[in-house]
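K.L.:
Take a look and give me a structure for this.
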Amino acid sequence: MDVKEPKPQRIYQAWRGSNTFVFGGRLVFGPDVSPLFFSTFLIVGPAFAFCVKISFIIKHRTNKNETALPWCYVLTVAILLTILDLFFLFLTSSRDPGIIPRNTKPPEYDETFEIDSTPSMEWVNGRTPHLKLPRTKDVFVNGHAVKVKYCDTCLLYRPPRVSHCSICNNCVQRFDHHCPWVGQCIGIRNYRFFYMFITTSTVLCVFVFVVSWINLVQTKGKATRAMSRDILSDFLIVYCFIVVWFIGGLTVFHFYLISTNQTTYENFRYRYDRKSNPYNKGIIENFRDVFFSKIPPSMHDFRAFVKEDDIMAIEATDDDVVKGKIDIEMGNKFDDEGDNVLSLPKILRGVEFEGIEDILEHEGGSERADSDRFVVRVEVEANAEEKNATV
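P.N.:
Now for the predicted structure:
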């Protein structure tokens, strides 16, 4: 009987992160794509209603032989802003934000050293029980000492400005944050489009808000009467007024971050306003780095085929993790041949059980009788097992 060889997998098919891939790995989304559709609805819904309103105004003025050219310009600008907003939203959510490749094994032995214990340092001992790796290391950036942490998931020391996203389960270059409205990490490869997305959204909100107010003011009669008759304009004014506080504030905040060359993660964690920022190059250079520098290529070819050596290394790493968890739950540690080389931890072996009998003696009569019957039954079963083993 012929055994069919397993079909080779592409990298996106064997991906160990939480990302969602579309069109054969050509588009990379976050774990949950629903926020993208929700954000699209929040943009398209009011924008479509606004365009319909402007279309009726143009038709009404045309029927009265009044000039409608300014309103045609308004309609054109609204459509262009909406398309741009959706375009930047899609670019932000569907790109690799700058994912760092994982290691299939821990750092080389010469980068670490074995030691039994140390009182002054924190050690990594999760997936590498035979090695002791320092949790952090110091590197210098522009003459400033920066601590880099070891990622136990990706088995590497994170380069400066790299952080691990717990939602996407990836280490991301220049990690800013995980945006719940986009459903994707914001990193070095999509931050530019993210800022353009929130800026375009702010401009669109202000534009719709102002035009809707102008439409109400130009209506004949009192403003209150016009507002009671034009419910759609009332809704757009209230909607844009609420949204612009959030999205506009976010735009101003990221403008400040860009001008000081910070990320959202760094701003909340390190507080560079209280100490020197090793990445700040001045306002002009900071804006040039974000908007006019070349976006680095992705470090992954998601459509490439996975090598057999990589698959074996990944499976071996996963087996070690699972085995380690099982051994901890069983209270024993096994060697490669399955022999028990270490019993329960010393802290459990050192527990004294003599006091338990004294406690049982002071228990109630019924409870004592039940416990005696239980002890006798266990002893009888144990004696029977010993006899069967001897035979």
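K.L.:
where do the strands sit along the chain?
P.N.:
20-22, 27-29, 123-124, 133-134, 136-141, 144-151, 156-157, 163-165, 170-172, 177-179, 184-186, 333-334, 340-342 (DSSP state E).
K.L.:
what pairs with the fifth one, and is each one parallel or antiparallel?
P.N.:
The one in question is strand 136-141. strand 144-151 (antiparallel) (DSSP bridges).
K.L.:
repeat for the first one
P.N.:
For strand 20-22, the paired strands and their directions (DSSP bridges) read strand 27-29 (antiparallel).
K.L.:
Report the mean per-residue pLDDT for the strand it pairs with.
P.N.:
Mean pLDDT, taken over the full extent of strand 27-29, equals 96.
K.L.:
quick one: buried residues of it?
P.N.:
27-29 (16 or more other CB atoms under 10 Å). In this view, the C-beta of every residue, glycine as well, is placed from N, C-alpha and C.
K.L.:
likewise stretch 161-175?
P.N.:
Quick answer for stretch 161-175 (16+ other CB under 10 Å): 161-165, 168-175.
K.L.:
What's the local residue count around the nearest residue to Cys171 once chain neighbours are set aside?
P.N.:
Take Cys171 and drop its neighbours on the chain: the residue closest to it by CB to CB, 6 or more residues apart in numbering is Ile100, 4.1 Å away. Residue crowding around Ile100 was assessed by other CB atoms under 10 Å; the count is 21.
K.L.:
in the stretch 101-250 of the chain, which segments are predicted with low confidence?
P.N.:
The model of the stretch 101-250 of the chain has pLDDT under 70 over residues 108-132, 220-226.
K.L.:
Helices of that one, residue ranges please.
P.N.:
191-218, 223-229, 231-260 (DSSP state H, counting those that start in this stretch).
K.L.:
Reformat the ones you listed as CSV; add mean neighbour count and distance to Leu75.
P.N.:
Putting those into CSV (neighbours: other CB atoms under 10 Å; distance: least, CB to CB, whole Å) gives the following:
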stretch, mean neighbour count, distance to Leu75
helix 191-218, 20, 10
helix 223-229, 12, 21
helix 231-260, 16, 14
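K.L.:
Let me have those in JSON lines, adding distance to Val290 as columns.
P.N.:
JSON lines is the format used below for those (distance: least, CB to CB, whole Å):
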{"stretch": "helix 191-218", "distance to Val290": "6"}
{"stretch": "helix 223-229", "distance to Val290": "42"}
{"stretch": "helix 231-260", "distance to Val290": "5"}
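K.L.:
wait, which of these is closest to Phe140?
P.N.:
Evaluated over the helices of the stretch 101-250 of the chain, closeness to Phe140 peaks at helix 231-260, with 20.6 Å, by CB to CB.
K.L.:
which helices and strands sit right next to that closest one?
P.N.:
helix 34-63, helix 191-218, helix 264-269, helix 283-291 (3 or more CB pairs under 8 Å, 6 or more residues apart in numbering; DSSP states H and E).
K.L.:
Other residues contacting the last one?
P.N.:
When contacts are taken as CB atoms under 8 Å, 6 or more residues apart in numbering, the neighbours of helix 283-291 outside the stretch itself are 191-192, 195, 258-261, 280-281.
K.L.:
Without its sequence neighbours, what residue ends up closest to Glu189?
P.N.:
One correction, residue 189 is Arg, not Glu. Gly98 (4.5 Å).
K.L.:
Could you check how many residues crowd around Phe41?
P.N.:
10.
K.L.:
Next: the one 4 residues further on.
P.N.:
Applying other CB under 10 Å, we find 11 other residues in the vicinity of Gly45.
K.L.:
Could you measure from it over to Ser93?
P.N.:
Remark: distance between Gly45 and Ser93 (CB to CB, to the nearest Å) = 18 Å.
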